[in-house]
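Colleague: Whatever this is, show me its structure:
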Amino acid sequence: MNLTAVKETDEVMKRHVEDSLAIIPPIQSSYLSHCNSSCDNIKLVDVGSGAGLPGLIFAIARPGWNVTLLESMNKRCLFLEHAVSVTGLSNVEVLRARAESAGQSLDFREVFDVAVARAVAEMRVLAEYCLPLVRVGGLFIAAKGHNPQEEVKLAETAIQKFGASILQMSPVESHSPYGQRTAVVCIKDRPTPKKYPRDPGTPSKVPL
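Modeller: Below you'll find the model as predicted:
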């Protein structure tokens, strides 16, 4: 379905599947140490799931987790629904919506323990997509490249506006060209103001 540029099975395993699996340890360690709760049955949303990376991989690797794959494009949602059907997963929901709309919906606003995003947008934009979906006391985790310090620093003010603070940047071994990625972990310590997220399209066009 032409959802990724990577076509070869071995490359998919290394660059997508293993890369997704590598994010699980920092999620678990951060959740255990800062959320004072077991990480056996986390309610997680993968924002901008695309081809199900990393959310679909998480659902397979952690069957106790309740995973929502949030994706706005119909083509990708059809693939995700097919993949869920073929794998027989019962712990996954595919939600076709824009993150900005989901974040303003009473059904999804501040209901998730963890929001994750990989290869979606820059940190300021991601924070506005993800943090309105996270409950107070939950985590937002962005999978970034080997050196995201400048991007993260630029996003600090925005992250605080959305009710969170940067907890840590955890190096993650991967098969990326630099051999390392970074899990940027933010903890949400207060509710996101109701005016966020802004209207669909605004966060990417006018980042805070």
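Colleague: In contact with the most centrally placed residue in the chain, which residues?
Modeller: With distances taken as CA atoms, centre = their mean, the residue of the chain nearest its centroid is residue 116 (1.6 Å). Going by CB atoms under 8 Å, 6 or more residues apart in numbering, residue 116 touches 23, 27, 44-47, 54-55, 58, 130, 140-143. Every residue, glycine included, has its C-beta placed from N, CA and C.
Colleague: Identify the bridge partners of it.
Modeller: residue 46, residue 141 (DSSP bridges).
Colleague: Any figure for the gap between it and residue 39?
Modeller: 13 Å (CB to CB, to the nearest Å).
Colleague: for residue 45, same thing?
Modeller: Counting by CB to CB, the gap from residue 45 to residue 39 is 15 Å.
Colleague: Under the pLDDT cut-off, which ranges of this protein? List them.
Modeller: For the chain, the stretches with pLDDT under 70 are 1-16, 174-179.
Colleague: what about residue 64, how many neighbours?
Modeller: Other residues lying near residue 64 total 11 when counted by other CB atoms under 10 Å.
Colleague: Contact partners for the nearest residue to residue 54 once chain neighbours are set aside?
Modeller: With sequence-adjacent residues excluded and distances taken as CB to CB, 6 or more residues apart in numbering, residue 54 is closest to residue 20, at 3.3 Å. Residue 20 is in contact with 53-54, 57-58, 118, counting by CB under 8 Å, 6+ apart.
Colleague: all strands for the chain, in order.
Modeller: Assigned by DSSP state E, the chain shows strands spanning 43-47, 66-71, 92-96, 112-118, 134-144, 164-173, 180-188.
Colleague: of the ones you listed, which approaches residue 124 most closely?
Modeller: Comparing these by their distance to residue 124 (CB to CB), the top pick is strand 134-144, with 10.7 Å.
Colleague: As PDB, could you dump the C-alpha coordinates of the closest one?
Modeller: This file holds the C-alpha atoms of strand 134-144, laid out as PDB (Å, rounded to 0.1, in the frame of the first residue of the first chain):
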ATOM      1  CA  VAL A 134      -2.900  12.500  28.300                       C
ATOM      2  CA  ARG A 135      -4.400  12.300  31.800                       C
ATOM      3  CA  VAL A 136      -2.800  14.400  34.600                       C
ATOM      4  CA  GLY A 137       0.000  12.200  35.900                       C
ATOM      5  CA  GLY A 138       0.500  10.500  32.600                       C
ATOM      6  CA  LEU A 139       3.300  10.600  30.000                       C
ATOM      7  CA  PHE A 140       3.900  12.000  26.600                       C
ATOM      8  CA  ILE A 141       6.800  10.300  24.800                       C
ATOM      9  CA  ALA A 142       8.200  11.500  21.500                       C
ATOM     10  CA  ALA A 143      10.600   9.200  19.500                       C
ATOM     11  CA  LYS A 144      13.200  11.500  18.100                       C
END
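Colleague: Alright, I will stop here.
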